[in-house]
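S.K.: Build me a structure from this.
(chains A, B and C)
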Amino acid sequence: MKQLLTFIKKEFRHILRDTRSLLVLLGLPIVQLLIFGFAITNEVRNTSIAILDNSKDEVTQNIITKIESSQYFDIDRTISTSDQIEKAFKTGKIKVAIVFQQNFQEELLHLNKAQVQILADATDPNQATTLTNYLSSILMDYQTELNQQNKLPFTINTEMRMLYNPQLKGAYTSVPGVMGMILLLISTMMTSIAIVKEKEFGTMEILLVSPMKPWLVVLSKVIPYFIISMINVASILILSVLVLELPIQGSLLLLIGITTLYLLCALSLGILISTVTNSQLAAMLISLLGLMLPVVMLSGYAFPIANMPTVLQIISNIVPAKWYIIMVKGVMIKGVGIAGIWKESLVILGMTFFFLLVSVKRFKVRL
Amino acid sequence: MRILYFLLRKEFLQIFRNKLILRMIFIMPVLQLIILPNAANYEVKNITLSVVDHDHSEYSKKLINKFTSSGYFKLANISDSYEKALEIVEKDVADLIVEIPSGFERDLIRENETKLMIAANAISGQTAGLAVSYSNSIVREFNNEVRVEWIQLPRINQQPTIEITNSNWFNPRMNYKYFIVPGVLALLVTLVGYILTSLNIVKEKESGTIEQLNVTPIKKYQFILGKLIPFWILGLVVLSLGFLVSFIIYGIFPEGSFLLGYLFAAIYLIAILGFGLFTSTFAETQQQAMFIAYFFMMIFVLLGGLFAPIENMPDWARYLTYINPVSYLIEVMRMLVLKGSGFWDLLNHFIVVIVFAVVFNGLAILNYKKTT
Amino acid sequence: MISNEIVIKTDKLTKRFGDFIAVSEISFEVYKGEIFGFLGANGAGKTTAMKMLIGISKPSSGKAQIAGYDVYKQTELVKKNIGYMSQKFSLYEDLTVKENIQLFGGIYGLSDSELESKGNQLITKLNLQNEADKLVGSLPLGWKQKLSFSIAILHSPKIVFLDEPTGGVDPITRRQFWDMIYEASDNGITVFVTTHYMDEAEYCRRVSIMVDGVIKALDSPKNLKEQYKAESMEEVFLMLARKAQRGE
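M.R.: Predicted structure coming up:
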């Protein structure tokens, strides 16, 4: 036990002396959280729109004013012909354009029907749909205003309720995702590299020759990083609550509990990776090149899992982040208790055991 | 330059000798490019629905039917209390609740007016927004069908109606793959190039071989070039593999000039590699280099415009993306694939990336000191 | 052959790291063809001093001329004319013996034919024919050291700097190593070697002893033993080094 403490202290000394790495280890999660919390959003804002008004009457003017006053769009007034629009699309200057037919006002008020064309840059199909929807609702709103006098019979009035996130803040979906990603990637990378570094330098042999059991050697490497990760968790939670205004609905204790479990999983993955290679470069390639995109894209953070092809949905089940994100959303935002997340916890526990088992086997084979 | 020849020879020998790493550099990106883009989707299709039907009338059943046959929604369950439905949402089994009040049909016909409640899991504001928007149009359609039943046609058209037609440019079939694949490829090439260079010099620092090189009459630019060129070639190979995969698996071929894409990517690689060399001069150990690399890669990748449009970002974030080389590569790839943009359309991007290449490599040369 | 030509000349050479003075105003001269021993305890400042002489560390003050070139203004010319073997083994472990020879030979400007002939000579001399295409990392330490040294003088530099070259090798290898050093010296190459093996000091023509960053003694081993009334260089060293403040 005392030996273990000595080794842990040694590991800490290494870490504390390396101020550059420490800065990244503690600072990066904060920076990432802020960027994600504030910058990454699918909420539309300040999108450049071009307007081709073939009618130039009062109604079109009203509609244009309505578009301008919504915070979604920035009208690019330099574009006013269809040639310019095409060029602007090609250079990426505008993402959407709206075209009013000639005699818009006349036809709308006298014939009760007038045409509007919405042209969207579908390079990003999702964005195109969102922009089209926003524009359509602005148009529909205007139409309703015109129709205010005539109340229609047989009306179904729909009441909308937004659960858990009434203000539709982007942070609600991004923070759990970011937590899942950052904790997994950093912890895995840190652990795998710390262990592989000793192997590369040959000092691992010295440690193994010591009277300390091999698994204790590994443990001594893992514990300091576990503590650092917990510090990261604390700073992420504090930031989320204070700066991003994301409240913790459920039990804080439970949240810490599931996070600890998740960290253990990540750390054991790191250990597993370290048994696969002796070179720091390889460990880094696996942890960063091999894990980053799959974790981001298959964990449910960037894209909803339910819509993926079945094969990928199955694969996503082996991404620990997926289960953790579900749990965090449950506990932090929905206020769920253990009853709601015990299944996911078991999965993560199982993964942790699996990683450790394989690592132990590989370790033994080597020696 | 003879010295350069020997340096290049050494690098290539070292690279090809490391079979594991070589395999990783080529196989991992290809695998990811084949698998991952299939995960990308935003069509809100299978929104799970939990219905609370207090009315059990013909109309309520019709309405429920309309939801489930729309293709957007999947019925998770029907219950008789809002609390039960809420539990289902908490357990993550459903994301939308539709509550039909008792007397729905009766009130609609007799009182001309009735209520409906829709509650959406708004953790993802965007999915909720779309779910609500779809729900609204389904309800509206249903509403109009009811009206048509009871009122003659002509009266309906007495309302001024704005007819909207949508036209989707460059990607008429709204194929999300065209959007994602170039982006993923850009990220993978960036990761490979950056990781390799940023670790390489530091490894020599750690093992002491850099000292031996510093004692020789090698010039700084020879040293830097000796590091740049091999990884540049590797990066281009990965890029080519990526183009091949894009074409064979996804059938993606640039509308615009293919060579233009290569040219841009080649210059971009020089910039990214230079960045790797530059940041590695700040690291003493490979471990430090790795953390620095992780830091930048995370930020570049996530602010690159692949996972969320740059236009939506707040101003300060958008300014950051101006100095993020990755965002330029992703944009160029997309523009080439989908819009067939030509050289002059991309002139701005070319200039920026050339500046990046010069600046980063210049900084790397300046910062690398043979004498401390 | 020792001539009177001065190949290394330093004048109050100093290196400071903040407040800490690692090397303090050392002044000495080394003659062409000499085997000059640069002695001192660990931490005395030997390696720091050497790094200034080979042009990878900029002096804080003082002057130094290597092979006639100024270390401040003509660093690259200095490097062209010297060879170096560092304390930490620094050949490429993932390249073969031959490849390392070709790399460093090529960097120092040897032509292809020279590389071929000199390379083969080297391999034969060290008896590495069977290992020529093996990775250097797989060689035992003693062979690595000898290889390192041979590569350092492959381009026939005027001076070769050796930093603790025989650390960790067995006595027989050490003997062989010094034979190689003698041979180099006979061929006109000046050998500047640091070591803390005091018996090796006896092999040098002259030695200097550094203590706490300062040169406390500089003369031939014979004269030093007389001066300090000692039987061996070890005794001389102990007398001087005992008063040292620095050390590991």
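S.K.: For chain B, name the helix or strand with the lowest mean pLDDT.
M.R.: Here the helix or strand of chain B ranked lowest by mean pLDDT, DSSP states H and E is helix B:153-156, holding a mean of 54.
S.K.: pLDDT score for residue B:232?
M.R.: Here, the pLDDT recorded for residue B:232 equals 94.
S.K.: Quick one: name whatever helix or strand follows whatever helix or strand residue B:178 lives in.
M.R.: Per DSSP states H and E: residue B:178 is located in helix B:176-207. Following helix B:176-207 in sequence order, the next helix or strand is helix B:209-215 (DSSP H and E).
S.K.: Just confirm yes or no for that next one near chain A.
M.R.: No: using CB under 8 Å from any CB of the partner chain, helix B:209-215 stays clear of chain A, coming no nearer than 14.1 Å. C-beta coordinates here come from the backbone N, C-alpha and C atoms, glycine included.
S.K.: for that helix, packing partners?
M.R.: Packing partners of helix B:209-215 (3 or more CB pairs under 8 Å, 6 or more residues apart in numbering or on different chains; DSSP states H and E): helix B:176-207, strand C:82-85.
S.K.: Point out where the chain drops to low pLDDT.
M.R.: Looking at chain A here, since you left the chain open. By pLDDT under 70, the weakly predicted segments of chain A are A:40-43, A:148-153, A:168, A:170, A:212, A:364-367.
S.K.: I was after chain B.
M.R.: Counting by pLDDT under 70, the ranges of chain B that qualify are B:42-44, B:152-159, B:172-174, B:255-256.
S.K.: Quick check: residues of it near chain C?
M.R.: With CB under 8 Å from any CB as the criterion, chain B meets chain C at residues B:2-3, B:5-7, B:9-10, B:13-14, B:17-18, B:207-209, B:211-219, B:370-372.
S.K.: quick check, distance from stretch B:108-119 to the centre of its chain.
M.R.: Mean-position distance between stretch B:108-119 and its chain equals 42 Å (CA atoms, centre = their mean, to the nearest Å).
S.K.: sorry, that was for stretch B:129-136
M.R.: From the chain centre to the centre of stretch B:129-136 is a distance of 24 Å (CA atoms, centre = their mean).
S.K.: is chain A contacted by that stretch?
M.R.: Yes: counting by CB under 8 Å from any CB, chain A has neighbours in stretch B:129-136: B:129, B:130, B:132, B:133, B:135, B:136.
S.K.: Confirm that residue B:76 sits in a helix.
M.R.: No: assignment of residue B:76 by DSSP: H, G, I helix; E, B strand; the rest coil gives strand, placing it outside any helix.
S.K.: That one contacts residue B:91, correct?
M.R.: No: with contact defined as CB atoms under 8 Å, residue B:76 does not reach residue B:91; the gap is 10.0 Å.
S.K.: thinking residue B:246 is in contact with residue B:34, fair?
M.R.: No: if you go by CB under 8 Å, residue B:246 and residue B:34 don't touch, sitting 9.9 Å apart.
S.K.: Need phi/psi at residue C:193.
M.R.: Main-chain torsions, residue C:193, degrees, to the nearest 10: phi -120, psi 130.
S.K.: How many residues are close by the closest residue in space to it that isn't next to it in sequence?
M.R.: Using CB to CB, 6 or more residues apart in numbering or on different chains and skipping residues adjacent in sequence, the residue nearest residue C:193 is residue C:162, 4.2 Å away. Residue C:162: 27 surrounding residues under other CB atoms under 10 Å in any protein chain shown.
S.K.: now residue C:162: how far from residue A:230?
M.R.: Distance of residue C:162 to residue A:230, given as CB to CB, to the nearest Å: 50 Å.
S.K.: cool, residue C:144 as well?
M.R.: In terms of CB to CB, residue C:144 sits 44 Å off from residue A:230.
S.K.: Just the buried ones from the residues of chain B next to chain C?
M.R.: B:3, B:6-7, B:9-10, B:13-14, B:207, B:209, B:211-218, B:370-371 (16 or more other CB atoms under 10 Å in any protein chain shown).
S.K.: how many neighbours does the closest residue to chain C within the stretch 51-200 of chain B have?
M.R.: Chain C sits closest to residue B:200 of the stretch 51-200 of chain B, with a gap of 12.4 Å, by CB to the nearest CB. Other residues near residue B:200 come to 23 when the count uses other CB under 10 Å.
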